[in-house]
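S.K.: Model the following, please.
(2 chains)
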Amino acid sequence: MDKNLGIKVGLEIHQQLATNKKLFCNCTPVEPEEYSIKFQRRLRASKSELGEFDPAALFESTKSKTMVYYADSKSSCLVEQDEEPPHELDSDARETALIIALALKSRVFSEVYPMRKTVIDGSNTTGFQRTMLISQGGYFDVNNTRIGIQSICLEEDAAKILGEEGTVKKFGLERLGVPLVEIATEPFEVKPDEIRKIALSLGRVLRSTKRVKRGLGSIRQDVNVSIKNGGVVIEVKGVQQLDKLEKIVEYEAKRQHGLLQISEKIQQRDWVYDDKARIDVTELFSASKSKIIQDAIKQNQRIVCISFTNMAGIFGFSPHEGIRLGKEVAELVRFFGIGGVFHSDELPNYGVTESDLENLKRHSEIGADDAFLIMAAPEDKVCMITEQLVSRIEYIRDHGIPTDTRLATQSGETKFLRPRPGAARMYPETDIAPIIITEKELVKIRENIPRSWDDSVQEIETKYGINLQLAEQIFDSQYMKLFEEILSRVKVNPTFVASVLCYSITSLERRGLDSGLLRDEEVFELFGLLGDEKIAKESVEIILDEIMSGRSKSIDEAMRNAAIEAVNEKDLERIIRDIVYKNAEIIENQKERAAGPLMGIAMKELRGKASGKTINELLLRYIKERLGDS
Amino acid sequence: MSEYTGYGGNSLEFLKANQVSVGDSVRILTDIAYHGIVMPRYEHGDDRHIVLKLKSGYNVGLEIKEIKEIKKNPQAKTTTEKNADIKRDATLPKILLLSTGGTIASKVDYRTGAVTPVLTAEELNSSVPELAGIANIDTRVLFSEYSENIMPRHWLEIAKAVSEYHKSDYAGIIIAHGTDTMHYTSSYLSFALAGFPIPIALAGSQRSSDRASSDAALNLIGAARFLTECKTNGIYVVMHQDENDKTVACHIGTRVRKNHTSKRGAFQTVGGSPAFLVVNDTVHNNMKGNFFADDKFDPKIMINDKVALIKYHPGYDSDILKNIIDSGYKAIIFEGTGLGHVGRDMYDTVKMAQERGIFMGMTSQCIDGRVRMTVYESGRDLLDLGIVPLEDMVPETALVKAMWATAYAKNSDETRKIMLNSIASELS
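M.R.: The predicted structure follows:
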């Protein structure tokens, strides 16, 4: 199917910068222990520079939410609270953005205008995101394919949503204002399985600067999907994992293709909407056995039927698996906080019986060729939701695919997020003067463009004598900086350090342990002890387990809890000699091969107290001694 | 907006040579092609760039020497704004909305790139549709100035405009005003329009009304709600109570001050709580007495701007005071230290002012609290030199009151009487 559809994909990568400051103030973006500040706000749609309202903003304002913001005084200040104008643009972030732009051979503008991108879902206290277009054009190569860069922006990250209850949305301000670089690629025509490789390569270009944040949540990608012949570019947000990309792109292409077929089908029907098509059927359904309907009536909601002349079969028509007009409509009403809609092609069902339907059809003069929707909604919302719903179906009929911004779901599908915002969402940031970038500045930055990812990995490989795979892994991981620091301070085996950082910590995390409990200082201390031969290699993972599980708060405590203490040489010799003595029979029978089973016995006793290598050597020595004796 | 707003020198010539002006949709070719609309330029910028709004909405500066080609698209220029029609409801009270400028009526200014007060009262009204559910709003533009540019002559203009409505059927009047000097204007109106029969609310905003998080809407809604339900008169400053979009505080116009540069809740009633609070559309009354000592409307719309406000500080050069005296000032308000003092070095010059019949009043730079000049010897010395303690009057209020009083008082003694007589809740 993919080839026929002619899928085109563009990537949009949002990468947090590791400046340890916000873009427009000096606050440090740290997870607060507790929120000491709380306040509430409301946002309203305001007109754009050209005097228009942005459709996405207007749409959002129809939901009339109250935002409650939580903050602490370390990770945010009056700037994030929108109680003070932004300070100067942070020079580190500016430099990093320019390094990235030049590394991607993009054309930097000599005058950059900070803009306000309207975002009134509450994730920005101001009602806009500060953003500036730094450069356009450029490219990077993946294998033998050249991927074009469309634009590079420097912008602020949004506040973190903490929860939503009814009409109240809660946000934490610690992430608001963290500098992000947004890189959009030109659309490219590739097989879905290659997209991941391209995203990974772009991520690697960014990581080679060593000036971007690593770890969970520090990089997010959106993907723009379109198909040949009638497709439109649809932006899908919130693709958390690279391995979901492929599935999401396939789903979205299928959806677009399906919608075009649905569109054609509607055009063949003679359907025109008029206001009489919406009727209140709350009375009619008052005796319905449907639990959903009864619950809605109890909550004082109205039950509404919207009829569609000559549209029978359209809502349930499924050109591809899981693609139906009924689903499109349901997504839209859910967006307005309505549980969902029933459409005629799926009824009787959900407790709505044949006789309910007979009543309804008689009462509303719905014929056999007609379709209808039934939904429950608060009275004050009925009109607005009906309008939105009908205009979406009309749009699908007349134009095919609505230009939404969509959200990636956990299951690899996409769902309606909001109408796609237009140019009207941009307004000049009047609080900040235009930023002038001189040729002199660019010349200096050009000298500092980092080596490519391949070169960087190769450098690690040779400098530390570790294999290519491990070098790649450590460079891509969030521990690269820590790795280099450990090796500059402590004399330990680089391969061991890299594999602890890349594998041991990850495997403990997979068991549900928290690497957040592990501080850099403790990692240094741990490898320091190893370097001084105060602990054995085997103890490292035991100590990590103690700390990441929260059982121990420090290395000392972990060592005490796990009864780890290095055994001195004499004691070690004594213990091993004891083992050899007690297991004389095994040695008799297996000769030197007895080292295997005895090793198991010895490790039980000495795990973490001496290195496996030493134990093994001693065992062999005493076994030989014993065999020689006898 | 002119055809070439903000452009000068080379960039202006470039636009003219290519027959392109602001608002045109163009295609520009450098190394790569750009599509967009030519935007105005800020005056502080150089003459080597033109500003383009790209299709994505981003504005960028393109250096003209890199432009190989600029081509105008044949489309029409972008349309201008339209205001929504406001419905009127005959059962609702009427409110007059006067606009004078300020952040509350601001949007981007292409001269400087910062914001400028340009929205009319009508635009303000239409941008807050909730107002139509509270009252029928008539609008009138007085001028569009930021508050630092508002001068005593503007106070006269506002007072004259307002006084025309003393017998109208308006429930009240909202004056949209810049916040920096809003409390000077509210003080002036309180004295010049003493006894004005309907309530007046000065409303402003700390975040300009072109942004989604503006406090303007809630302040206007709160002001309208307050005017229609307070059942009293007086001049009030109506602004956010704090950082929340929840409570709107109505401060007595002679007891209020801007105490923060940027917060929404910058305005505070000095030495007390706000007179009224509007919480979730309900008006809570916290007034202890009447706003005006005398409810007979007795307008005295006059001003004498030869009044100085002196903030005394260690090292204050008494020659500055001497210059003020020599410049023919009629009154001097001191913002003294603590309970109301100025240093010994000032005595000779203060004596000179006394001999010239200049009224001298004492307020405190502590802002909150009462002056008391009998506690320390220097206070007593200053009393002897004719300085009049002005109780707990806010220094800015004292300045405005003295400007107004000296405009019609025949001599320093009469000024003194007026200054000590509470007219509009300025003393508590």
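
S.K.: residues in contact with the closest residue to chain A within the stretch 51-200 of chain B?
M.R.: Nearest residue of the stretch 51-200 of chain B to chain A (CB to the nearest CB) works out as B:Gly61 at 2.4 Å. C-beta coordinates here come from the backbone N, C-alpha and C atoms, glycine included. B:Gly61 sits next to A:Phe109, A:Ser110, A:Glu111, A:Val112, A:Tyr113, A:Pro434, B:Gly45, B:His49, B:Ile50, B:Val51, B:Leu52 when contact means CB atoms under 8 Å, 6 or more residues apart in numbering or on different chains.

S.K.: In this structure the second one contacts A:Thr438, no?
M.R.: Okay, so that is A:Ser110. Yes: counting by CB atoms under 8 Å, A:Ser110 touches A:Thr438, with 7.3 Å between them.

S.K.: of these two, who's got more company?
M.R.: Counted by other CB atoms under 10 Å in any protein chain shown, A:Ser110 and A:Thr438 do not tie: A:Ser110 has more neighbours, with 20 against 9.

S.K.: List phi and psi for B:Gly36.
M.R.: With angles defined as degrees, to the nearest 10, B:Gly36 sits at phi 180, psi -170.

S.K.: Report the contact partners of it.
M.R.: So B:Gly36 contacts B:Ser25, B:Val26, B:Ile28, B:Leu52, B:Lys53, B:Leu54, B:Lys55 (CB under 8 Å, 6+ apart).

S.K.: circling back: is the residue of the stretch 51-200 of chain B closest to chain A part of a helix or strand, or is it coil?
M.R.: Under DSSP: H, G, I helix; E, B strand; the rest coil, B:Gly61 falls in the strand class.

S.K.: what do you get for the one 10 residues further on?
M.R.: Following three-state DSSP, the label given to B:Lys71 is strand.

S.K.: okay but it is in contact with B:Val26, surely?
M.R.: Yes: counting by CB under 8 Å, B:Lys71 touches B:Val26, with 6.3 Å between them.

S.K.: which of these two has more neighbours?
M.R.: Shown here are B:Lys71 and B:Val26; by other CB under 10 Å, B:Val26 has more neighbours (19 against 14).

S.K.: doesn't B:Val51 fall inside a strand?
M.R.: Yes: checked against three-state DSSP, B:Val51 lies within a strand.

S.K.: So it is in contact with B:Val38, correct?
M.R.: Yes: using CB under 8 Å, B:Val51 is in contact with B:Val38, at 7.1 Å.

S.K.: Report whether A:Val304 is found in a strand, as I expect.
M.R.: Yes: counting by three-state DSSP, one finds A:Val304 located in a strand.

S.K.: Residue numbers of the stretch 151-300 of chain A in contact with chain B?
M.R.: A:Ser151, A:Cys153 (CB under 8 Å from any CB of the partner chain).

S.K.: For the stretch 151-300 of chain A, just list every one of the strands.
M.R.: A:160-165, A:168-172, A:179-185, A:219-226, A:234-239, A:278-280 (DSSP state E, counting those that start in this stretch).

S.K.: JSON lines for those strands, including mean pLDDT and mean neighbour count?
M.R.: What follows is the strands of the stretch 151-300 of chain A, written out as JSON lines (pLDDT from 0 to 100; neighbours: other CB atoms under 10 Å in any protein chain shown):
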{"stretch": "strand A:160-165", "mean pLDDT": "93", "mean neighbour count": "12"}
{"stretch": "strand A:168-172", "mean pLDDT": "95", "mean neighbour count": "19"}
{"stretch": "strand A:179-185", "mean pLDDT": "96", "mean neighbour count": "24"}
{"stretch": "strand A:219-226", "mean pLDDT": "90", "mean neighbour count": "22"}
{"stretch": "strand A:234-239", "mean pLDDT": "89", "mean neighbour count": "21"}
{"stretch": "strand A:278-280", "mean pLDDT": "91", "mean neighbour count": "17"}
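
S.K.: of the ones you listed, which approaches A:Glu80 most closely?
M.R.: strand A:168-172 (10.2 Å; CB to CB).

S.K.: Please name the strands paired to the closest one in the sheet, noting orientation.
M.R.: strand A:66-71 (parallel), strand A:160-165 (antiparallel) (DSSP bridges).

S.K.: Dump these into a markdown table; add distance to B:Ile174 as well.
M.R.: Formatted as a markdown table, the strands paired with strand A:168-172 follow (distance: least, CB to CB, whole Å):
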| stretch | distance to B:Ile174 |
| --- | --- |
| strand A:66-71 | 25 |
| strand A:160-165 | 35 |
